[in-house]
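Novice: Here is my input; please provide its structure:
(3 chains)
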Amino acid sequence: MKNKVVVIVGVPGVGSTTVTNKAIEELKKEGINYEIVNFGTVMFEIAKEEGLVEHRDQLRKLPPEEQKRIQRLAGRRIAEMAKTSNIVVDTHSTIKTPKGYLPGLPAWVLEELKPDIIVLVEADNDEILMRRLKDETRQRDFESTEDIAEHMFMNRCAAMTYAVLTGATVKIIKNNDFLLDKAVKELVEVLK
Amino acid sequence: MKNKVVVIVGVPGVGSTTVTNKAIEELKKEGINYEIVNFGTVMFEIAKEEGLVEHRDQLRKLPPEEQKRIQRLAGRRIAEMAKTSNIVVDTHSTIKTPKGYLPGLPAWVLEELKPDIIVLVEADNDEILMRRLKDETRQRDFESTEDIAEHMFMNRCAAMTYAVLTGATVKIIKNNDFLLDKAVKELVEVLK
Amino acid sequence: MKNKVVVIVGVPGVGSTTVTNKAIEELKKEGINYEIVNFGTVMFEIAKEEGLVEHRDQLRKLPPEEQKRIQRLAGRRIAEMAKTSNIVVDTHSTIKTPKGYLPGLPAWVLEELKPDIIVLVEADNDEILMRRLKDETRQRDFESTEDIAEHMFMNRCAAMTYAVLTGATVKIIKNNDFLLDKAVKELVEVLK
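Specialist: Now for the predicted structure:
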């Protein structure tokens, strides 16, 4: 009996965290338990412990080299947790930095994590744009629908590469407006 | 002198098997011989030998973990055959499972197969949809043109990753309606 | 202190060489020095030294196996240069050959190069088509806008795979008509 490691990714504003939380809640009712780990939070904890950042949004302003080192440490810490529980890893397929798209799970992180399933939460470009404009809790750089489409494209490419390297499956779940329940139900089926 | 290993992939209904059979027939007239191996058939033989399935369509209903183990064994069996003949491997770039897109040739299968060329047979989404609706010999889950487009997208991503890992080329051949001869001719050139 | 290795790629006609040259010139004014290495030129030098070709356009007519061997040697030669200078490698994400898209930086070249950033220069399909038609200095096979779109798609897939394997970032820079200065400025920021 091996615990499952499911990675859930999506561009900022797509609602992957919301879908994940609701699916985990549903599964708990059926006696299936998952621990949710936010990859960025684990990275933030590590970076904060090292005195590199104070706020979470500063993480992606760090030089790529630093981000990579912290990613690796986060992968190791999560792999330890997977020894005692099913894990959902809430993260990004690629992180948009000033130097370009940084893969969230480069080869050496994948080797540590050994994910079973990669879930790609998607929505329409304009839905994502509107959700970002409405969300005043996070500071975000402005992106056009074309930018968002480009980011989602690269996320698919990265996710498929993760799958080829690990043998994981890539499940695409649409989280369209007014259809959150449908997305949650699909994720519940994937996590069962 | 090394025999060629050419992998031919496409979504269900795109007609990759038909194009392959006709191209092999053409090449035989010119004295160039290829043995066609259907990856799924080799997997089916192995799974049947192990008593896991009775019908071929049951293969993709197996848990991903089982599919992966059988993939690896199929890769090994085909690599043995390539020692004595040019091989065309008829397979899928990704297999659509309830848990998501499973790469047909994960890293460890590629290491065994060492393909020279990956041929991606494509057609328009609506052409594929119509071909599936007309084909009553196979039981298939219904998919919209959008679903088919998504599957073809992920197939391109996976194929390109296979190429980067092995140095194989990725050849895209369109098998559009009424233009089967064109597709066959293109494949003949690639296999020469 | 480690020198930077930045790989710049784009389909033929997109103007990646022009953007690169202008950005390097700007950076020199600010005291930041990069050596530009054209991957194809290094490959051409090696192939010429071996007596395989006389003109550069003949390179891509070589059998994939020969191209691969020469790629590897070029990667090694460039890695040597990076020991003493920042390097921009002007190359292609994938090379379109009669046997399909050949990855410009297969796994074994990446291991030698260890790039920090991969810059993907893009433009609209029709802009690229027009630039090719106007450019009479190079002999090129005719491609439709659809062919160009396909090539750019595969370039993104390959670039993202390079990033996952090495931890490099992938920066997409648009080199649209009349906006060369904008593209140059963006590249300058990436190279800083």
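
Novice: and A:Val170, that's in a helix?
Specialist: No - going by DSSP: H, G, I helix; E, B strand; the rest coil, the assignment for A:Val170 is strand, not a helix.

Novice: In the longest helix seen in chain A, which residues are buried?
Specialist: Ranked by number of residues, the top helix in chain A under DSSP state H is helix A:145-166. Across helix A:145-166, burial judged by 16 or more other CB atoms under 10 Å in any protein chain shown covers A:147-166. C-beta here means a position set from N, CA and C on the backbone, and glycine is covered the same way.

Novice: how far off helix B:145-166 does it point, in degrees?
Specialist: 50 degrees (axes from the mean of the first three to the mean of the last three CA atoms, to 10 degrees).

Novice: A:Tyr101: which element?
Specialist: strand A:100-103 (DSSP states H and E).

Novice: Could you list every helix and strand that that strand packs against?
Specialist: helix A:64-81, strand A:94-97, helix A:145-166, strand C:117-122, helix C:145-166, strand C:169-174 (3 or more CB pairs under 8 Å, 6 or more residues apart in numbering or on different chains; DSSP states H and E).

Novice: how does it look with 6 Å?
Specialist: strand A:94-97, strand C:169-174 (3 or more CB pairs under 6 Å, 6 or more residues apart in numbering or on different chains; DSSP states H and E).

Novice: now for these, which one comes closest to A:Leu59?
Specialist: strand A:94-97 (8.6 Å; CB to CB).

Novice: A:Lys22: neighbouring residues, count only.
Specialist: Residues lying near A:Lys22 (other CB atoms under 10 Å in any protein chain shown) number 18.

Novice: So which other helices or strands are in contact with the one helix or strand in chain A whose mean pLDDT sits lowest?
Specialist: Ranked by mean pLDDT, DSSP states H and E, the helix or strand of chain A with the weakest confidence is helix A:64-81, at a mean of 88. Helix A:64-81 is packed against helix A:39-49, helix A:107-113, with contacts defined by 3+ CB pairs under 6 Å, 6+ apart.

Novice: Dump the C-alpha coordinates for it into CSV.
Specialist: This file holds the C-alpha atoms of helix A:64-81, laid out as CSV (Å, rounded to 0.1, in the frame of the first residue of the first chain):
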residue,chain,number,x,y,z
PRO,A,64,15.9,31.8,-10.6
GLU,A,65,18.9,30.1,-9.1
GLU,A,66,17.6,30.7,-5.5
GLN,A,67,14.1,29.6,-6.5
LYS,A,68,15.5,26.3,-7.8
ARG,A,69,17.4,25.5,-4.7
ILE,A,70,14.4,26.2,-2.5
GLN,A,71,12.2,24.1,-4.9
ARG,A,72,14.5,21.1,-4.4
LEU,A,73,14.4,21.4,-0.6
ALA,A,74,10.5,21.7,-0.7
GLY,A,75,10.3,18.6,-2.8
ARG,A,76,12.3,16.7,-0.3
ARG,A,77,10.2,17.9,2.7
ILE,A,78,7.0,16.9,0.9
ALA,A,79,8.3,13.5,0.0
GLU,A,80,8.9,12.9,3.7
MET,A,81,5.3,13.7,4.5
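
Novice: For it, give me every contacting residue.
Specialist: A:37, A:39, A:42-43, A:46-47, A:99, A:102, A:108-109, A:112-113, C:167, C:169 (CB atoms under 6 Å, 6 or more residues apart in numbering or on different chains).

Novice: Now the buried members of the residues you listed.
Specialist: A:37, A:39, A:42-43, A:46-47, A:99, A:102, A:109, A:112-113, C:167, C:169.

Novice: need the residues of chain A near chain B, please.
Specialist: By CB under 6 Å from any CB of the partner chain, the residues of chain A that approach chain B are A:Ile117, A:Cys157, A:Met160, A:Thr161, A:Ala163, A:Val164, A:Leu165, A:Gly167, A:Thr169, A:Val170, A:Lys171.
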